[in-house]
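J.: kindly return the folded structure for what I paste below:
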Amino acid sequence: MRYSRLPLFCLMALSSLVHAEDKNCDLAAPPKSAAINSVHGYFIFMFPRSIASNYTGCRTIWGERGEVFMTVKYENGLPYTLTQFNPEDRKPVLECRYNNKTLKTARKGCPSYARMVEDAAREWPPVEESQLLPLPRPEQDPRRD
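T.: Okay, here's the model as predicted:
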């Protein structure tokens, strides 16, 4: 009788972990509220715009064709995984892991932990977007409601 609650407890614990990591991690396209910027004339979109100190979930960067370039996973506002993707086949080309505020993956191309925190702290306010010229044409804007 006393073990009858154990499976339920385990299921609840696991579901809370899965749900926490899934926040914004499975977006098929950037939402309309995603930030927009231009890099060498190519438009990129990022969501969420800012990372709160208690945010647990993903920040994703897409290209103008809707391809995912990068995903950063956060737990309580701290980055723990960065994954860069090949935009052509969407396969991971670089994975960086962070733990205890240090880079744990010794691969060329992995940014330092300090750089990850600095990037997370930078917001993309809409006022910067209003100064972005030229604006993307509809076929260059994958943001959806």
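J.: check which residues of stretch 26-36 are buried.
T.: Neighbour counts over stretch 26-36 (16 or more other CB atoms under 10 Å) mark 29, 30, 34, 35, 36 as buried. Placement of C-beta: from N, CA and C, glycine included.
J.: mind checking the end-to-end distance for it?
T.: Distance between the two ends of stretch 26-36: 19 Å, counting by CA to CA, to the nearest Å.
J.: hmm, who's touching it?
T.: If you take CB atoms under 8 Å, 6 or more residues apart in numbering as the criterion, stretch 26-36 is touched by 43-47, 49, 60, 62, 66, 124, 126, 129, 132, 136, 141-145.
J.: now, of those residues, which are buried?
T.: Buried members of the contacts of stretch 26-36, counted by 16+ other CB under 10 Å: 43, 44, 45, 46, 47, 60, 62, 124, 136, 141, 142, 143.
J.: okay if I get those as JSON lines plus distance to residue 103, pLDDT and secondary structure?
T.: As requested, these are arranged in JSON lines below (distance: CB to CB, whole Å; pLDDT from 0 to 100; DSSP: H, G, I helix; E, B strand; the rest coil):
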{"residue": "43", "distance to residue 103": "29", "pLDDT": "92", "secondary structure": "strand"}
{"residue": "44", "distance to residue 103": "24", "pLDDT": "93", "secondary structure": "strand"}
{"residue": "45", "distance to residue 103": "26", "pLDDT": "94", "secondary structure": "strand"}
{"residue": "46", "distance to residue 103": "22", "pLDDT": "94", "secondary structure": "strand"}
{"residue": "47", "distance to residue 103": "24", "pLDDT": "95", "secondary structure": "strand"}
{"residue": "60", "distance to residue 103": "21", "pLDDT": "96", "secondary structure": "strand"}
{"residue": "62", "distance to residue 103": "25", "pLDDT": "96", "secondary structure": "strand"}
{"residue": "124", "distance to residue 103": "24", "pLDDT": "72", "secondary structure": "coil"}
{"residue": "136", "distance to residue 103": "34", "pLDDT": "88", "secondary structure": "coil"}
{"residue": "141", "distance to residue 103": "34", "pLDDT": "93", "secondary structure": "coil"}
{"residue": "142", "distance to residue 103": "31", "pLDDT": "95", "secondary structure": "coil"}
{"residue": "143", "distance to residue 103": "32", "pLDDT": "93", "secondary structure": "coil"}
